[in-house]
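Participant: the following comprises the amino acid sequence and a computationally predicted model.
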Amino acid sequence: MTRRILARLAVLSFASAAFSPALAALDIGDPVPKFTATAALGGKTFRYSLADALAKGPVVVYFFPAAGTTDCNIEAHAFAEAMGQFEAIGATVIGVSADDIDTLKDFSVKQCQSKFPVASDQAKAVIEGFDAVMQTRPDFANRLSYVIAPNGTVAYYYQNLNPDKHVERMLNALKALPKPAGSR
């Protein structure tokens, strides 16, 4: 009897773990992995460094599944349209996907409107480090956005495959960050 109950509990536990949605492993206050990656901005490639970006202020790191798909185009366009608001707050934005750099060079012009960079992470080291692997399709990043405070910790995150609220939520989280000493 006890063995049967334990076996059922084990099956239920496995089923629960296998089919429950993953939450971001990096919680508010957690340090983020510092990374460098090949990125594209305006169709040109360069070496992006999160540490260098954080030295200038908060950073939004947003992960997306695949450049050129409808929802990823919508999200990139929304970030591009809001770049003036991000800049007014003193924040920068970087998109990250598992796409190759040639795909992202084109995407950086057409969808990002040459307003913010997108980084290629084909090895998925950054995607895994931020726990942004899509559980149902592990070759892709999940749609997950983080606000990273200048001290390199998570200030806010939002995960939703619907691209509609990511920009709004990132802007609101940035506005809620404590102001650096000496600023207004």
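Facilitator: Right, received. Where do you want to start?
Participant: from Arg143, how far out is the residue nearest in space to the middle of the chain?
Facilitator: Taking C-alpha atoms, centre = their mean, the centroid of the chain lies closest to Tyr62, which sits 2.5 Å from it. Distance of Tyr62 to Arg143, given as C-beta to C-beta, to the nearest Å: 8 Å. All C-beta spots, glycine's among them, are computed from the backbone N, C-alpha and C.
Participant: and for the two, which residues touch both?
Facilitator: The contact sets of Tyr62 and Arg143 overlap at Glu75, His166 (C-beta atoms under 8 Å, 6 or more residues apart in numbering).
Participant: still on that earlier bit, hey, what's the residue nearest to the centre of the chain bridged with?
Facilitator: Beta bridges link Tyr62 to Gly95, Ser145 when assigned by DSSP bridges.
Participant: against Phe116, how distant is it?
Facilitator: 9 Å.
Participant: residues that sit against both of these two, list them.
Facilitator: Listed contacts common to Tyr62 and Phe116 are Phe79, Val93, Ile94, Gly95; contacts here mean C-beta under 8 Å, 6+ apart.
Participant: any stretches of the protein with poor pLDDT?
Facilitator: 1-25, 180-184 (pLDDT under 70).
Participant: which stretches of it form strands?
Facilitator: Using DSSP state E, the strands of the chain run over residues 36-41, 44-49, 59-63, 92-97, 118-120, 144-148, 154-159.
Participant: thought Asp71 was touching Pro163, still the case?
Facilitator: Yes. Pro163 is within contact range of Asp71, at 4.8 Å (criterion: C-beta atoms under 8 Å).
Participant: of the two, who's got more company?
Facilitator: A count of neighbours by other C-beta atoms under 10 Å puts Pro163 above the other of Pro163 and Asp71, at 21 against 15.
Participant: for that one, what are its contacts?
Facilitator: Pro163 touches Phe64, Asp71, Cys72, Ile74, Glu75, Ala78, Arg143, counting by C-beta under 8 Å, 6+ apart.
Participant: so for stretch 143-157, what gets flagged as buried?
Facilitator: Neighbour counts over stretch 143-157 (16 or more other C-beta atoms under 10 Å) mark 143-150, 153-157 as buried.
Participant: repeat for stretch 84-97
Facilitator: Those would be Phe86, Ala91, Thr92, Val93, Ile94, Gly95, Val96, Ser97, for stretch 84-97 by 16+ other C-beta under 10 Å.
Participant: what sits up against it?
Facilitator: Residues contacting stretch 84-97 (C-beta under 8 Å, 6+ apart): 37, 39, 48, 50, 53, 56-67, 72, 76, 79, 83, 104, 112, 116-121, 126-127, 130, 132, 140-141, 147, 170-171, 174-175.
Participant: mark which of these are part of helices, please.
Facilitator: Among the contacts of stretch 84-97, the ones falling in helices (DSSP state H) are 50, 53, 72, 76, 79, 83, 104, 126-127, 170-171, 174-175.
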